[in-house]
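Asker: here is my input; please provide its structure:
(2 chains)
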Amino acid sequence: MGLRRTPLYDAHCRAGGKLVEFNGWEMPVQYAAGILREHEAVRTVAGIFDVSHMARFEVRGPGSLPFVDRLITNDLGKLEVGRMLYTPMCAESGGVLDDVTVYRMSDRILVVVNAGNRERIWPWLETQRAAWNGAAVELVDRSADLAQIALQGPRAQELLRPHCDGDLDQIGYYAWARLRLFGHDEVLISRNGYTGEDGFEIYPPAAAVDAAWASLLATGGPAGLLPAGLGCRDTLRLEMAYCLYGNELDLETTPLEARLAWTVKLKKDAFVGRAALEAQKAAGLKRALVGLSVTGQRLPRKGQSLAHAGATVGVVASGGFSPSLKAGIALGFVPTELSRPGTKLEVDVRGERVAVEVTEVPFYKHASHR
Amino acid sequence: MVPQDCRYTKDHEWVRREGEEALIGITDFAQGQLGDIVFVELPAVGRSLNQGGVFGSVEAVKAVSDLYSPVSGEVTAVNPAIGGDPSVVNRAPYGDGWMIRARLSSPAELDGLMTAAEYEALVKEEEAKH
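Answerer: Model prediction:
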């Protein structure tokens, strides 16, 4: 098969994980409870996700900050040590190479990359480094020796406390710390996620993550903590209208089109893609990503076409069932003039016209993140 | 174990003959592969069925899947329980989660479908692939 496995593969099998291929990895789409119950657990208690398939690249050395800052659209220069940010990395065309989280550390920058883009981003970083004239930069791939788990839900902090010797309250939203966790010193932990709920991403040593996972489930299970698979990771992020690379983001899409203008800091120093993004902003956007609410029970899916007044005008980027709203929701690209909330469109769902309406996002408005 | 009193298709539907009529649904393997089912589209009573033809679809959280009729005939009933609670198909695919009842126009078609033993072998094969 040749599929890659994370250090939690055995844990997934023990928990009844339904393993599927995901970007070359064998990952659980769900566990025994199923997507709906896992989704509900994250919204009401907490769920724990294995996200070790993502890549963890460190950029070390005195030039690390300006080097990374030149490759992202968001502004790393303004970020204090101890904080992190979400940002696209663009090509010169302005199209998105990947969307990543970036941690500012005192002597290095950690870049967390989507699993599906690791084979693209590592060579991209190496090429950029070869052309780099600034202070010294070293690239280190930490993907194999560090694991990555996401504990997400309104009770995440309470459920993590028995395993942590440090003060979790000191970690603000999109900040990180190194704490004694699961019996190991100096484990990287940040308060962020991809669900809309409060929660953490934790980076234990790969050799320790199986025991950490098991002990978290042992103490949290009675409170309702569940292992959560990629299936509910997708329904949770879609309810928040968070972008998924390959759906809302790709090389043909700019961050400005994908509702990520807040991550594009055109006033900072030169960065890859700036000229194209400036030109696009000056010319005005031709298309926009919008939220779509669905009437009826047929669910729009990725790739289906969007029509207005009988003419095809756009495409569904992501669509499916919202377990929280118990209705269909979707994100789609439409011409800017059709992006106003209330605009009525139709999706071609396998030959049937399904009525949808442009709506404000997030779809789910009661998330606990701070 | 799959019910011995049904015949099966390679697309994981089952059909259970009851005199001139038959009940049709999807197998436990099929519901497990689909995951949580949130909507089932079923044909109207009176619609004709062709063996191998699409008679509806199942929307699960992750994906949508067509339903293929194991037999030819005419729909005489649809399961009213599914509209209110599609998860009944996940819980009881061979029982309360049946989908349609049909009057058989060519009962001999049943003989060409898989027996329980043959279907179990197919499921084992597919499970080995996963």
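Asker: for the residue of the stretch 151-300 of chain A found nearest chain B, give me its contacts.
Answerer: In the stretch 151-300 of chain A, the residue that lies nearest chain B is A:Q297 (4.2 Å; C-beta to the nearest C-beta). (Glycine included, C-beta is placed from N, CA and C.) Applying C-beta atoms under 8 Å, 6 or more residues apart in numbering or on different chains, we find A:Q297 in contact with A:G328, B:V38, B:F39, B:E41, B:E59.
Asker: looking at those, state which has the most neighbours.
Answerer: Ranked by the number of neighbours (other C-beta atoms under 10 Å in any protein chain shown), the contacts of A:Q297 place A:G328 first, at 26 neighbours.
Asker: did I read that right, it in a strand?
Answerer: Yes - the assignment for A:G328 by DSSP: H, G, I helix; E, B strand; the rest coil puts it in a strand.
Asker: from A:E352, how far off is the closest residue in space to it that isn't next to it in sequence?
Answerer: Of all residues not flanking A:G328 in the chain, A:V294 sits nearest, at 3.2 Å (C-beta to C-beta, 6 or more residues apart in numbering or on different chains). Look at A:V294 and A:E352: by C-beta to C-beta, to the nearest Å, they are 12 Å apart.
Asker: the two: which is more packed in?
Answerer: When A:V294 and A:E352 are compared for neighbours, A:V294 comes out ahead with 24 against 12, by other C-beta under 10 Å.
Asker: would you mark the buried spots in stretch A:251-258?
Answerer: A:T253, A:T254, A:P255, A:L256, A:E257, A:A258 (16 or more other C-beta atoms under 10 Å in any protein chain shown).
Asker: how long is it from one end to the other?
Answerer: Taking C-alpha to C-alpha, to the nearest Å, stretch A:251-258 runs 12 Å from one end to the other.
Asker: what is the neighbour count of residue 3?
Answerer: Picking chain A for this. Neighbour count for A:L3, taken as other C-beta under 10 Å: 14.
Asker: let's do chain B instead
Answerer: Per other C-beta under 10 Å, the neighbour tally for B:P3 reads 15.
Asker: identify the residue nearest it in space, chain neighbours excluded?
Answerer: B:Y94 (5.2 Å).
Asker: check A:T73 too.
Answerer: Nearest residue to A:T73 in three dimensions, chain neighbours excluded: A:V264, at 4.4 Å (C-beta to C-beta, 6+ apart).
Asker: which residues in the stretch 1-150 of chain A form strands?
Answerer: Per DSSP state E, counting those that start in this stretch, the stretch 1-150 of chain A carries strands over the ranges A:18-22, A:25-30, A:47-50, A:55-60, A:84-90, A:96-104, A:108-113, A:138-141, A:149-152.
Asker: which of these sits closest to chain B?
Answerer: Nearest to chain B among the strands of the stretch 1-150 of chain A is strand A:25-30 (5.9 Å), distances taken as C-beta to the nearest C-beta.
Asker: packing partners for the closest one?
Answerer: Strand A:25-30 sits against helix A:9-14, strand A:18-22, helix A:230-239, with contacts defined as 3 or more C-beta pairs under 8 Å, 6 or more residues apart in numbering or on different chains; DSSP states H and E.
Asker: nearest approach to A:A207 belongs to which of these?
Answerer: Counting by C-beta to C-beta, A:A207 lies closest to helix A:9-14 out of the helices and strands packed on strand A:25-30; the figure is 12.9 Å.
Asker: contacts for that closest one?
Answerer: Defining contact as C-beta under 8 Å, 6+ apart, one finds that helix A:9-14 is touched by A:L19, A:E26, A:M27, A:P28, A:Y31, A:D50, A:D210, A:W213, A:A214, A:P227.
Asker: after the helix or strand encompassing B:A22 comes which helix or strand?
Answerer: Assigned by DSSP states H and E, B:A22 falls within strand B:21-26. Going down the chain from strand B:21-26, the next helix or strand is helix B:28-34, by DSSP H and E.
Asker: most packed of the strands of the stretch 1-150 of chain A?
Answerer: Most buried of the strands of the stretch 1-150 of chain A, by mean neighbour count (mean count of other C-beta atoms under 10 Å in any protein chain shown): strand A:47-50, with a mean of 29.
Asker: list the strands paired with it, with their directions.
Answerer: strand A:149-152 (antiparallel), strand A:226-227 (parallel) (DSSP bridges).
Asker: quick one: these as a markdown table, columns for mean pLDDT and distance to A:G246 too.
Answerer: Below are the strands paired with strand A:47-50 laid out as a markdown table (pLDDT from 0 to 100; distance: least, C-beta to C-beta, whole Å):
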| stretch | mean pLDDT | distance to A:G246 |
| --- | --- | --- |
| strand A:149-152 | 98 | 19 |
| strand A:226-227 | 98 | 24 |
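Asker: what stretches of the chain score poorly on pLDDT?
Answerer: No chain was given, so I picked chain A. Residues of chain A meeting the criterion pLDDT under 70: A:1, A:370.
Asker: meant chain B actually
Answerer: In chain B, residues with pLDDT under 70: B:130.
Asker: close to chain A: what parts of it are there?
Answerer: Taking C-beta under 8 Å from any C-beta of the partner chain, the part of chain B that reaches chain A is made up of B:32, B:35-36, B:38-39, B:41, B:57, B:59, B:61-64, B:90, B:130.
Asker: go again using 6 Å as the cut-off
Answerer: Residues of chain B found near chain A, taking C-beta under 6 Å from any C-beta of the partner chain as the criterion, are B:G35, B:D36, B:V38, B:F39, B:E59, B:V61, B:K62.
Asker: distance-wise, check A:E360 relative to A:T219.
Answerer: Counting by C-beta to C-beta, the separation of A:E360 from A:T219 is 38 Å.
Asker: of those two, who's got more company?
Answerer: The neighbour comparison of A:E360 against A:T219 (other C-beta under 10 Å) goes to A:T219, with 15 against 12.
Asker: doesn't B:E125 lie inside a strand?
Answerer: No - assessed with three-state DSSP, B:E125 is helix; it does not lie in a strand.
Asker: which residues does it contact?
Answerer: B:E125 sits next to no residue when contact means C-beta atoms under 6 Å, 6 or more residues apart in numbering or on different chains.
Asker: just name the closest of the contacts of helix A:9-14 to A:D169, please.
Answerer: The closest of the contacts of helix A:9-14 to A:D169 turns out to be A:W213 (C-beta to C-beta; 23.7 Å).
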